[in-house]
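1. Here is the input, now give the coordinates:
(chains A and B)
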Amino acid sequence: GAGVSQSPSNKVTEKGKDVELRCDPISGHTALYWYRQSLGQGLEFLIYFQGNSAPDKSGLPSDRFSAERTGGSVSTLTIQRTQQEDSAVYLCASSLQGQGYEQYFGPGTRLTVT
Amino acid sequence: AQSVSQHNHHVILSEAASLELGCNYSYGGTVNLFWYVQYPGQHLQLLLKYFSGDPLVKGIKGFEAEFIKSKFSFNLRKPSVQWSDTAEYFCAVNTGRRALTFGSGTRLQVQP
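-> Residues are numbered from 1 along each chain as shown, chains lettered A, B, ... in the order given. Predicted coordinates:
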């Protein structure tokens, strides 16, 4: 079946603009995660959704970052008033609840803030 | 909070050489352990995982890893690397908190 998809694959924006990044998880996966991969660094957890529960936002670096998940499926990560340090690859992953936390990753969105 | 250390940042090997990439984590409780691989231009893929049972786990493409609880380690091994193994390798830990904690990655370059 289809894997996790993300759009756009690349996004270039000017400092101060808002951006929206989209993630379509694997069908039937109830858990969805956002991570950020900065140059030369590992993956940093941002936010986690599980079913209808309140999301775990503990990884969001500032209040400029927010995310929502509509209908328990598609998720949108929004970055307001982008800064140059927001430049990174934003990765989405999904997992099937009860499967021991094995996460499947999408191809990522490369965000460049100029 | 848990953390994951990958001490080898960049490894260069010749084809047929043996590989061992180190991974250590800091957490005293029960852990789930993973190795992910990212080939050039591709997305992260699961290489292998350990949840419980036999501490020696085998993954895809001839990779294996050994969980040594007393050393808080989960090193990745392959007896004979190929040029196609050139990639970045990430160790990750999950401790019941649902997100994964990743190491900073090891870039493996295999020379033909």
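
2. where does chain B have low pLDDT?
-> B:1, B:96-98 (pLDDT under 70).

3. which parts of it sit against chain A?
-> Chain B has residues B:4, B:6, B:32, B:34, B:36, B:42-46, B:49, B:51, B:90, B:92, B:94, B:97-105 near chain A, with proximity defined as Cβ under 8 Å from any Cβ of the partner chain. Every C-beta, even on glycine, is put in place using the N, C-alpha and C of the backbone.

4. Can you name the residues bridging to the one residue sitting closest to the centre of chain A?
-> Residue closest to the mean C-alpha point of chain A, counted by Cα atoms, centre = their mean, is A:Trp34 at 3.2 Å. Note on A:Trp34: beta-bridge partners by DSSP bridges are A:Ile47, A:Cys92.

5. quick one on the thing from earlier: any chance of a ChimeraX selection covering the buried ones in the residues of chain B next to chain A?
-> Selection of buried members from those for ChimeraX, criterion 16 or more other Cβ atoms under 10 Å in any protein chain shown:
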select /B:4,6,32,34,36,43,44,46,49,90,92,94,97,98,99,100,101,102,103,104,105
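
6. Filter the residues of chain B next to chain A down to the ones in strands?
-> B:Val4, B:Asn32, B:Phe34, B:Tyr36, B:Gln45, B:Leu46, B:Lys49, B:Phe90, B:Ala92, B:Asn94, B:Thr101, B:Phe102 (DSSP state E).

7. Identify the spatial nearest neighbour of residue 56, chain neighbours not counted.
-> With no chain named, the answer covers chain A. A:Tyr48 (4.2 Å; Cβ to Cβ, 6 or more residues apart in numbering or on different chains).

8. wait, I meant chain B there
-> B:Glu66 is the one closest to B:Leu56 (Cβ to Cβ, 6+ apart), at 5.1 Å.

9. Look up how far B:Glu88 lies from the one you found.
-> 21 Å (Cβ to Cβ, to the nearest Å).

10. In chain A, where is pLDDT below threshold?
-> Ranges of chain A meeting pLDDT under 70: A:1, A:40, A:98-101.

11. Tell me where it has strands.
-> Counting by DSSP E, chain A has strands at residues A:5-7, A:10-13, A:19-24, A:31-37, A:43-50, A:65-69, A:75-79, A:88-95, A:104-105, A:109-113.

12. What is the end-to-end distance of stretch B:91-101?
-> 8 Å (Cα to Cα, to the nearest Å).

13. how far is it from where the chain is centred?
-> 14 Å (Cα atoms, centre = their mean, to the nearest Å).

14. Now do that stretch: everything it contacts.
-> A:31, A:33, A:35, A:43, A:45, A:48, A:50, A:56, A:59, A:101, A:103, B:1-4, B:6, B:21, B:23, B:25, B:27, B:29-36, B:74, B:76, B:102-103 (Cβ atoms under 8 Å, 6 or more residues apart in numbering or on different chains).
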